[in-house]
Structure formats: structure tokens, C-alpha cells
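got a structure for you, letters missing:
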């Protein structure tokens with residue numbers, strides 16, 4: 001007991017250390033490999049787009065719509081964005097920018113067949 005009649009209490013302070021997982025940047029060589037794989041995927045995606053366009057023409061009104069042209073037009077930028085990510089020297093482009101360019105390349109590769117699929121309903 002203390003002199004004022006209160007009982008002593010022990011307070012334990014527990015601190016929890018929250019550690020945030022530090023995001024390690026992706027190595028430039030890994031990004032270059034991903035860009036090269038994306039460039040190699042342009043040919044199969046073009047073939048898929050061609051098959052979708054033929055199927056759309058056979059099933060629909062017999063002619064391609066504007067979204068088919070837009071889908072095929074996205075394959076060229078996807079290839080050249082991949083070339084940019086692959087051949088640019090490491091000193092001129094940061095890994096963060098190179099990662100964004102590779103993401104854009106894959107987004108273009110995915111968007112091309114989606115546009116052709118959407119043309120079937122137009």
C-alpha cells in the first residue's frame with residue numbers, strides 16, 4: 001500500500017514493432033526478360049486477334065468494325081514499347097520507369113483481343 005491508501009499497480013507497456021515489408025525493386029535484367037517475352041507474345045496475340053476477327057466476320061455481318069482495326073493497331077505500340085524497355089541503357093531509364101513500360105506493354109497485349117471481342121456486339 002502507498003501512503004494515500006491506493007494499491008500500487010504495475011503498468012507494462014508493450015510495444016509492437018510493425019515492420020513494413022520493404023518492396024525491393026525489380027532487377028533491370030528481369031524487366032528486360034519480361035519485355036522480351038512480351039515482344040515474343042506479339043505474334044501469338046496477333047494470330048488470336050486474326051482468328052477472333054475471322055470468327056466475328058463469319059458470325060456477324062461479314063465485315064470488321066472499327067474496334068477490330070483498333071485492336072490490331074494496338075499490337076504495334078505493344079511491340080515498340082517492349083523494344084524500348086528491352087534496349088534502353090540502364091543509366092537512361094530507372095527501373096521504376098522500365099517496370100511501368102513493361103506493364104504498359106502487357107496491358108496493350110491484353111487490350112487488343114478484348115477490343116476485337118467487343119466489336120462482335122457493335
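Everything's here; your move. These figures come from a predicted structure and were not determined experimentally.

what kind of secondary structure is the residue nearest the centre of the chain in?
Nearest residue to the geometric centre of the chain (C-alpha atoms, centre = their mean): residue 103, 3.4 Å. Three-state call for residue 103 (DSSP: H, G, I helix; E, B strand; the rest coil): helix.

Any figure for the gap between it and residue 50?
According to C-beta to C-beta, to the nearest Å, residue 103 and residue 50 sit 25 Å apart. Using the backbone N, CA and C atoms, a C-beta is placed for each residue, glycine as well.

Identify each of the helices in this structure and give its residue range.
28-40, 42-59, 66-73, 75-87, 95-119 (DSSP state H).

Including mean pLDDT, could the ones you listed go into TSV?
Converted to TSV, the helices of the chain look like this (pLDDT from 0 to 100):
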stretch	mean pLDDT
helix 28-40	90
helix 42-59	90
helix 66-73	90
helix 75-87	93
helix 95-119	92
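
wouldn't residue 90 be in contact with residue 28 here?
Yes. In this structure residue 90 lies within contact range of residue 28 using C-beta atoms under 8 Å: 5.1 Å.

The two: who's more crowded?
It is residue 28, of residue 90 and residue 28, that has more neighbours when counted by other C-beta atoms under 10 Å, with 17 against 12.
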